[in-house]
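Asker: Sequence plus predicted model, see below.
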Amino acid sequence: MKYVSTRDNTKEYNFERVFIKGLADDGGLYVPISLKKYSTDELLELKNLNYNELSAEIINLFSSDFISKEELSFLIKKSYSTFREKEVVKISSVGELKLLELFHGPTLAFKDVAMQFIGNLYEYYLSKNDKKINIVVATSGDTGAAAIDAIKGKSNLNIFVLHPNNRISSVQRKIMTTVEEQNVFNIAINGNFDDCQNIVKQIFSDLEFSKSINMSGVNSINWARIIAQTVYYFFSYFKLDKETVSFSVPTGNFGDVFAGYLAKKMGLPIDKLIVATNENDILHRAISKGDYVSREVKETSSPSMDIQLASNFERLIYYINNSDSVKTADIMKKIKQNSYQIDKSNLEIIQKDFLSESCNEQETLDIIKKNYEENNMILDPHTAVGVGAANKLSINDCVVLSTAHPCKFPEATNNAINKNEKLPEELRYVLDKDENFQVLKNNVEEVKNFIKSKV
């Protein structure tokens, strides 16, 4: 399979380039030139596969020029061997809704599903290439922890994680900053997540610098993450055995819900993809009214969604504009100028596949409280937003993606129900362990100088 950039589709790339680079040199995102579309009969053939087997079938479609299916199957089995659920994910019920629990990996968040695989994919690549790679990633709370767990201690790999200082939960931060392996570097930026993400994009765009450190990225823009996340949409659809299913996805950067969109484009019978946002509701405004103008980021109890510029939205823009990279590049300029409004015809195309809703802070806490009283289950605040959005829209046969374990957000659950879930035994050590991170200004040159000093 060959790939192009959303901003210049005249050049073709292989999977190795797409995986290792993450972001195209022109600032665009990689997308495949064509997609496999499963027929009904082909979907039936996938239905009885276990999670690892299904992962190998789907990921192989996109990576067969990089890794054989046999080696891929081995990496997938290794990646998910540490998960607390045998089938990696788990489906439970909350009232009329189904929850797809994605937090059974080592850092208790859905990011583990893709990141454990990616960590082993890097190791596979480096075993065949005499190189060193420096991974630079921005996190709104969970990506960093998942990436660190997947990369820590691996030879010829360093990871630099930028998080917004004092804007993620203490547990999210400690899972990252108590890691002792020498190839892990945590950086707290005095700013918000969008500032962290912007710094990473600027570093990628500095081709001389990024090439000098052999830089790679594992943010949600990395296509390898998208395809790994697509698998659980297929898996949950098969397990529920419904004719069609909708998904409510708590999202800030549009990566997880885009994986669902990819699954639908591949033929999975998905009715609607619900984009669930907190008070930082740019995606809700965009999908419901065409308003893609960012506002000031608000701090909420669901920090992984405290984002105003959703990087993966660029891929959707590319597809709804008939894979026109010139038009996409022009729209991205407007977004950078904070002046983009989605025109009516494109909005109608988006709304065929997507619905959206937002929940404010009080609504989020009320959902956690109501759910605990009615179902004796504690939801993390991101999952609560997903439940709230699904309930507001009253969609039948709806699956809410439960993206994080509630123990990672004790402040939110304490505020809602005056109690919180305990960390699993194997992670409780982080609460009392010394942290190690560097606080830096919201300045790309300062971050580059820090990285240079460590590599």
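Answerer: Okay, I see it. Model, not experiment: these values are computed from the prediction.

Asker: all strands of the stretch 151-300 of the chain, in order?
Answerer: For the stretch 151-300 of the chain, the strands defined by DSSP state E, counting those that start in this stretch occupy 157-164, 184-189, 215-216, 245-250, 270-277, 291-292.

Asker: Identify whichever of those strands lies nearest to K239.
Answerer: strand 245-250 (10.0 Å; CB to CB). C-beta: built from backbone N, CA, C; applies to glycine.

Asker: Run through who's touching that closest one.
Answerer: Contacting residues not belonging to strand 245-250 are listed as 97, 100, 233, 236-237, 256-257, 260, 269-277, 302, 304-305, 382-383, 385-387, 389-390, 393, 395-401, 403 [CB atoms under 8 Å, 6 or more residues apart in numbering].

Asker: now do 7 Å
Answerer: Residues from elsewhere that reach strand 245-250, judged by CB atoms under 7 Å, 6 or more residues apart in numbering: 233, 237, 256-257, 260, 270-276, 305, 382-383, 385-386, 389-390, 395, 397-401, 403.

Asker: okay, now the nearest residue to A109 once chain neighbours are set aside: neighbour count?
Answerer: Nearest residue to A109, sequence neighbours excluded (CB to CB, 6 or more residues apart in numbering): D142, at 3.8 Å. Summarising burial for D142: neighbours were counted as other CB atoms under 10 Å, giving 27.

Asker: list the contacts for D142?
Answerer: A109, K111, Q172, S304, A404.

Asker: cool, and N312?
Answerer: S220, I221, N253, F254, G255, F258.

Asker: what's the spacing between it and V430?
Answerer: Distance of N312 to V430, given as CB to CB, to the nearest Å: 29 Å.

Asker: returning to what we had before: highest average neighbour count across the strands of the stretch 151-300 of the chain?
Answerer: strand 245-250 (a mean of 28; mean count of other CB atoms under 10 Å).

Asker: Direction included, what does it pair against?
Answerer: strand 270-277 (parallel), strand 398-402 (parallel) (DSSP bridges).

Asker: do you know which of those lies nearest E361?
Answerer: strand 270-277 (12.5 Å).

Asker: Residues contacting the closest one, please?
Answerer: 244-251, 257, 260-261, 263-264, 283-284, 287, 305, 353-358, 385-386, 389-390, 393, 395.

Asker: For ChimeraX, write the selection for the buried entries among those residues.
Answerer: Those of those that count as buried under 16 or more other CB atoms under 10 Å are selected in ChimeraX with:
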select :245,246,247,248,249,250,251,257,260,261,263,264,283,284,287,305,353,354,355,356,357,358,385,386,389,390,393,395
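
Asker: OK, contacts around I417?
Answerer: Here I417 is in contact with I368, K369, Y372 (CB under 7 Å, 6+ apart).

Asker: and with 6 Å instead?
Answerer: K369, Y372 (CB atoms under 6 Å, 6 or more residues apart in numbering).

Asker: Then K2?
Answerer: With CB under 6 Å, 6+ apart, K2 has these contacts: E12, I33.

Asker: For I368, see how far away it is.
Answerer: Distance from K2 to I368, by CB to CB: 45 Å.

Asker: S304 now?
Answerer: 16 Å.

Asker: how about the helices in the stretch 351-455 of the chain?
Answerer: Here the stretch 351-455 of the chain has its helices, by DSSP state H, counting those that start in this stretch, at 361-375, 381-393, 410-417, 444-454.

Asker: Quickly compare the ones you listed and say which is most buried.
Answerer: Of the helices of the stretch 351-455 of the chain, helix 381-393 is the most buried (mean count of other CB under 10 Å), at a mean of 27.

Asker: Which elements pack onto that one?
Answerer: Applying 3 or more CB pairs under 6 Å, 6 or more residues apart in numbering; DSSP states H and E, we find helix 381-393 packed against strand 245-250, strand 270-277, strand 354-358, helix 361-375, strand 398-402.

Asker: Specify the angle between it and strand 354-358 in degrees.
Answerer: Taking axes from the mean of the first three to the mean of the last three CA atoms, to 10 degrees, one finds helix 381-393 and strand 354-358 inclined to each other by 110 degrees.

Asker: Can you list the neighbours in contact with helix 381-393?
Answerer: 97, 248, 250, 274, 276, 278, 301-302, 304, 355, 357, 359, 363-364, 367-368, 398, 400, 402-404, 409, 412.

Asker: for the record, mean pLDDT for it?
Answerer: Regarding helix 381-393, the rounded mean pLDDT is 97.

Asker: Number of residues surrounding K47?
Answerer: 13.

Asker: if we can go back for a sec, generate TSV for the strands paired with strand 245-250, with distance to Y38 as supplementary columns.
Answerer: What follows is the strands paired with strand 245-250, written out as TSV (distance: least, CB to CB, whole Å):
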stretch	distance to Y38
strand 270-277	12
strand 398-402	19
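
Asker: among those strands, which is nearest S453?
Answerer: strand 270-277 (37.7 Å).

Asker: Now do the closest one: distance to the chain's middle.
Answerer: How far strand 270-277 lies from its chain's middle: 15 Å, per CA atoms, centre = their mean, to the nearest Å.

Asker: how about the helices of the stretch 351-455 of the chain, which one is nearest K327?
Answerer: helix 444-454 (28.5 Å).

Asker: Against which helices or strands is that closest one packed?
Answerer: Helix 444-454 packs on helix 193-205, going by 3+ CB pairs under 6 Å, 6+ apart.

Asker: how about the helix it packs on: buried residues?
Answerer: F193, D194, D195, C196, Q197, N198, I199, V200, K201, Q202, I203, F204.

Asker: Could you verify my assumption that the second one touches L309?
Answerer: Yes: D194 lies in contact with L309 (CB atoms under 6 Å); the separation is 5.2 Å.

Asker: hang on, the earlier thing: let me have the strands paired with strand 245-250 in CSV, adding mean pLDDT and distance to I187 as columns.
Answerer: Listed next are the strands paired with strand 245-250 as CSV, based on pLDDT from 0 to 100; distance: least, CB to CB, whole Å:
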stretch, mean pLDDT, distance to I187
strand 270-277, 98, 27
strand 398-402, 98, 29
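
Asker: Tell me which of these approaches N129 most closely.
Answerer: Once the strands paired with strand 245-250 are compared by CB to CB, strand 398-402 is nearest, at 34.9 Å.

Asker: I'd like the distance from the closest one to the chain centre, please.
Answerer: On CA atoms, centre = their mean, the centre of strand 398-402 falls 15 Å from the chain's centre.

Asker: Identify the residues contacting it?
Answerer: In contact with strand 398-402 (CB under 6 Å, 6+ apart) are residues 97-101, 236, 245-249, 383, 386-387, 390.

Asker: How about stretch 12-27?
Answerer: 2-3, 5, 7-8, 30, 63, 65-66, 204-205, 216-217, 222-224.

Asker: if you set the cut-off to 8 Å instead, what comes out?
Answerer: Contacts for stretch 12-27 (CB under 8 Å, 6+ apart): 1-8, 29-30, 33, 62-66, 121, 125, 133, 201, 204-205, 207, 216-219, 221-224, 329, 332.
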